[in-house]
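Asker: structure for this input, please:
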Amino acid sequence: LDEQSMVCQVLLDGERFTTEPLRLQASQFPAYFQALRRERAIVAHDARIDPQTTEFSDYLQNYQIFSMLDLPVRHLGKMIGIICCEHTQRCRHWSDIEVRFAAALADQVGRALNADRFLCAQSQLEQLNLQLEQRVEQRSQQLADTDELVRRAHQQMEAQARLATLGGIVAGVAHEVNSP
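Answerer: Down below sits the predicted model:
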């Protein structure tokens, strides 16, 4: 669902489980999509005459659907899916308990998606932390290696300075010995 269209992902009919290539566009069914954005649930006891679902007349007739109970699934305030309950053969009066149950189910789907996305984000964060720790370890090793090089260079400079000083002293003594 992208708020402008929806595609049927799973069709459960009794014990039959199928996928349905049905795609609905908001431009074809503006009242229905507007109601989904606005309402907690579309409760159409007689979908053929309900103003929110009459746009589906061909669909309703083809599948002999008389009543609809549709609930938007929301995540972070955005409609990301719809749970559609349809009753065939005759009109059905959806009870308050059925509407609340279906609404709770839609909420649970939204929460499950939220939890899944949270777990994915947490996993990505853990991976990034691991990569960061590895980079810190590498940089620490590089700094330790560089520090060792600097220490050795410093020792060499001190040794060279001592030799230079010693060389100066030896040169001075040699000069004194050669020219009293």
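
Asker: tell me which element residue 85 is part of?
Answerer: Element membership for residue 85 (DSSP states H and E) is strand 78-88.

Asker: that strand packs against which elements?
Answerer: Applying 3 or more Cβ pairs under 8 Å, 6 or more residues apart in numbering; DSSP states H and E, we find strand 78-88 packed against helix 30-38, strand 65-75, helix 96-178. All C-beta atoms are positioned from the backbone trio N, CA, C, and that covers glycine.

Asker: and the residue minimising distance to the centre of the chain, how far is that from residue 110?
Answerer: Central residue of the chain (Cα atoms, centre = their mean): residue 117, 4.5 Å from the mean position. For residue 117, the distance to residue 110 equals 11 Å [Cβ to Cβ, to the nearest Å].

Asker: can you check which residues contact both of those two?
Answerer: By Cβ atoms under 8 Å, 6 or more residues apart in numbering, residue 117 and residue 110 have these common neighbours: residue 75.

Asker: could you find the closest non-adjacent residue to the residue nearest to the centre of the chain?
Answerer: residue 75 (7.7 Å; Cβ to Cβ, 6 or more residues apart in numbering).

Asker: so what's that neighbour up against?
Answerer: When contacts are counted by Cβ under 8 Å, 6+ apart, residue 75 touches 110, 113, 114, 117.

Asker: can you select the buried ones from those residues in ChimeraX?
Answerer: To isolate the buried members of those in ChimeraX, using 16 or more other Cβ atoms under 10 Å:
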select :110,113
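
Asker: and the furthest pair within the contacts of residue 75?
Answerer: Greatest spatial distance among those (Cβ to Cβ): 110 and 117, at 10.7 Å.

Asker: run a quick neighbour tally on residue 152.
Answerer: Residue 152 has 10 neighbours, counted by other Cβ atoms under 10 Å.

Asker: hmm, I typed the wrong one, I wanted residue 91.
Answerer: Using other Cβ under 10 Å, residue 91 has 13 neighbouring residues.

Asker: for the one 5 residues further on, same thing?
Answerer: Residue neighbour count, defined by other Cβ under 10 Å, stands at 8 for residue 96.

Asker: and for residue 141?
Answerer: Residue 141 sits with 10 neighbouring residues when counted by other Cβ under 10 Å.

Asker: okay then, goodbye and thanks.
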